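Chemist: quick check, what structure comes out for this input:
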Amino acid sequence: MTSIEPRPIVGVHHAAFRCRDAEQTIWFYRDVLGLADPTGIIVEEVPGSGADDPYLHVFFRMRNGEHIAFFDAPGSADPAWFARKDSFDMHWAFEVGGEDDLIAMRDRIRAHGVTAHGPIDHHFVRSIYMYDPNGIQIELTYRTADHDRILDEEQRNFGQTLARWSERTRAAKEAKFGAEALDRRSRGDA
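Modeler: So this is what the prediction gives:
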């Protein structure tokens with residue numbers, strides 16, 4: 001594998017998702033999960049294209065300065081988008097300090113009438129799971145004592161792991177997506 005030097009990316013500023021309704025989304029992320037009061041910007045047209053699609057862009061700042069953001073754009077919203085998504089397709093994992101915080105959050109979430117599953121032990125993290133009002137699975141997680149050791153070991157072996165996985169799954173992926181789709185690299189059509 002190759003890497004680019006220097007590595008200018010320092011973190012995640014925000015991840016943004018569509019929401020059905022800003023007020024409902026604020027209830028979940030502020031009142032249920034306890035994030036800080038959000039900020040929001042009304043934008044009248046889509047940046048870049050100039051398309052007429054007014055939206056409210058809502059940002060929740062987390063304690064580390066990163067954000068999760070939402071677009072409340074009813075004009076272009078498709079109700080089907082708000083169905084629950086498979087966690088492999090989309091989920092967001094927020095980190096908490098430890099087991100006590102995880103259990104306290106699970107109890108807080110349940111007290112708001114939201115179903116929360118777990119904790120589930122993934123060996124390097126322990127997590128609880130629930131869905132937000134927009135169909136996005138939310139994970140709250142903390143790092144176990146073995147977190148860094150496990151991931152460091154897996155990283156040392158990842159070239160072999162990836163090669164084994166690719167060999168195991170390539171034929172099925174080619175049948176589903178086509179070889180050309182799998183082989184795209186830096187051609188602007190990925």
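Chemist: which residues sit against the longest strand seen in the chain?
Modeler: Counting residues, the longest strand in the chain under DSSP state E turns out to be strand 52-61. For strand 52-61, the surrounding residues in contact (CB atoms under 8 Å, 6 or more residues apart in numbering) are 14, 16, 19, 22, 25-26, 29-30, 35-36, 38-46, 67-73, 75-76. Any C-beta I mention is one placed from the backbone N, CA and C, and that applies to glycine too.
Chemist: how about stretch 35-45?
Modeler: 22, 26, 29-30, 51-62, 68.
Chemist: start and end of stretch 78-89, how far apart?
Modeler: 17 Å (CA to CA, to the nearest Å).
Chemist: let me fix that, I meant to ask about stretch 132-150.
Modeler: Stretch 132-150: ends 30 Å apart by CA to CA.
Chemist: mind giving me the ChimeraX command for buried ones among the contacts of stretch 35-45?
Modeler: The following ChimeraX line selects those of those that are buried, judged by 16 or more other CB atoms under 10 Å:
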select :22,26,29,53,55,56,57,58,60,61,68
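Chemist: export the lengthiest helix in the chain to PDB, keeping only CA atoms.
Modeler: Across the chain, the helix with the greatest residue count (assigned by DSSP state H) is helix 158-177. What follows is helix 158-177, C-alpha atoms only, in PDB (Å, rounded to 0.1, in the frame of the first residue of the first chain):
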ATOM      1  CA  PHE A 158      -3.700  -6.000   7.300                       C
ATOM      2  CA  GLY A 159      -2.000  -6.500   3.900                       C
ATOM      3  CA  GLN A 160      -2.400 -10.300   4.300                       C
ATOM      4  CA  THR A 161      -5.900  -9.900   5.700                       C
ATOM      5  CA  LEU A 162      -7.000  -7.800   2.700                       C
ATOM      6  CA  ALA A 163      -5.400 -10.200   0.200                       C
ATOM      7  CA  ARG A 164      -7.200 -13.200   1.800                       C
ATOM      8  CA  TRP A 165     -10.500 -11.300   1.800                       C
ATOM      9  CA  SER A 166     -10.100 -10.100  -1.800                       C
ATOM     10  CA  GLU A 167      -9.300 -13.700  -3.000                       C
ATOM     11  CA  ARG A 168     -12.300 -15.000  -1.000                       C
ATOM     12  CA  THR A 169     -14.800 -12.400  -2.300                       C
ATOM     13  CA  ARG A 170     -13.600 -11.300  -5.700                       C
ATOM     14  CA  ALA A 171     -15.700 -13.700  -7.800                       C
ATOM     15  CA  ALA A 172     -18.900 -12.800  -6.000                       C
ATOM     16  CA  LYS A 173     -18.200  -9.100  -6.300                       C
ATOM     17  CA  GLU A 174     -17.400  -9.400 -10.000                       C
ATOM     18  CA  ALA A 175     -20.700 -11.200 -10.600                       C
ATOM     19  CA  LYS A 176     -22.600  -8.500  -8.700                       C
ATOM     20  CA  PHE A 177     -20.700  -5.300  -9.700                       C
END
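Chemist: since that was my last question, I'll sign off now.
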